[in-house]
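**Student:** Here is a sequence with its predicted model. Questions after.
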Amino acid sequence: MAKVAERLAGDGRLSTGQFITFEGGEGCGKSTQARLLVEALEAGGRQAILTREPGGTEGAEAIRKLLLDPSGPGWNQQSEALLFAAARADHVASLIAPSVAAGKWVVCDRFLDSTRAYQGGEGGLPDADILELHRVGSGGFMPALTLLIEVTPEVAEQRVSLRDGEERDRIGGRDAAFHAKVAARFGEIADAEPNRVVRIDGNGSAEEVHAGVLKALDSRLGVEL
């Protein structure tokens, strides 16, 4: 269930906090879109926080390094899922939930759906197990809206090459077949949960994709920016 917190702002108006996530495969542009949305929210007079997963808090950032550092220890899919769940539990408890409760908007670059797609879809872990880890670790805390940025494999590869060259992290550096299965799993999640997940065409310019994001925000949450 999406978490939405309301409180009275200083001028007596009702202030509503929301939690929004961006999802998608490598090179889809979700990090750029998350940043642009935070800027738009702030320009519209809302308090907004940009965060990411794994990461967002000191403890979660430490786990991020363990997970993604190419020179670090390798992990099987079960270990990855547990580490992501641990990082997320700290992130939700320490940053996301308190911020939303205080009436702020939190925009997160990746969340639970990434674990469902990367460790579940391609890694083979049952979705029910991943959701149960999330229930235990984070109380089942879910976003009000998830924006899935989708691009073709050719666009994704071009963008990742420009961004990272050959120095890719442990998960991003996996082969094309792995990433194709991840993309397919994201699509399955979107199809199964259309009330929460909106699919956005990410193949255009950053400005064009941002326009699609704002349209989704208006239609789903009634927020015009």
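**Tutor:** Received, thanks.

**Student:** For residue 17, what is the enclosing helix or strand?
**Tutor:** Using DSSP states H and E, the element containing residue 17 is strand 14-23.

**Student:** What residues sit buried inside the next helix or strand after that strand?
**Tutor:** As assigned by DSSP H and E, the chain's next helix or strand after strand 14-23 is helix 30-43. For helix 30-43, burial by neighbour count (16 or more other CB atoms under 10 Å) applies to 30-38, 40-41. Where you see a C-beta, it was placed from the backbone N, CA and C, and this is true even at glycine.

**Student:** And stretch 115-130, by the same measure?
**Tutor:** Of all the residues in stretch 115-130, those buried under the rule 16+ other CB under 10 Å are 115-123, 125, 127, 130.

**Student:** where does the protein have its least confident helix or strand?
**Tutor:** Least confident helix or strand, the chain: strand 5-8 with a mean of 37, by mean pLDDT, DSSP states H and E.

**Student:** which residues of this protein score low on pLDDT?
**Tutor:** Across the chain, the ranges flagged by pLDDT under 70 are 1-16, 70-73, 122-123, 163-175.

**Student:** Can you show me the helices along it?
**Tutor:** In the chain, the helices defined using DSSP state H lie at 30-43, 58-68, 77-91, 97-101, 112-115, 127-138, 153-164, 176-192, 206-221.

**Student:** Could you say which of the ones you listed is packed most deeply?
**Tutor:** Across these, averaging neighbours per residue (mean count of other CB atoms under 10 Å) puts helix 112-115 on top, at a mean of 26.

**Student:** quick revisit: what lines up beside the strand holding residue 17 in the sheet?
**Tutor:** strand 5-8 (antiparallel), strand 105-109 (parallel), strand 145-150 (parallel) (DSSP bridges).

**Student:** quick one, the second one and helix 206-221 angle?
**Tutor:** Between strand 105-109 and helix 206-221, the angle comes out at 130 degrees (axes from the mean of the first three to the mean of the last three CA atoms, to 10 degrees).

**Student:** Then the last one?
**Tutor:** Here strand 145-150 runs at 150 degrees with respect to helix 206-221, directions being taken by the same axes, to 10 degrees.

**Student:** isn't residue 183 right up against residue 148?
**Tutor:** No. Using CB atoms under 8 Å, residue 183 makes no contact with residue 148, being 9.8 Å away.
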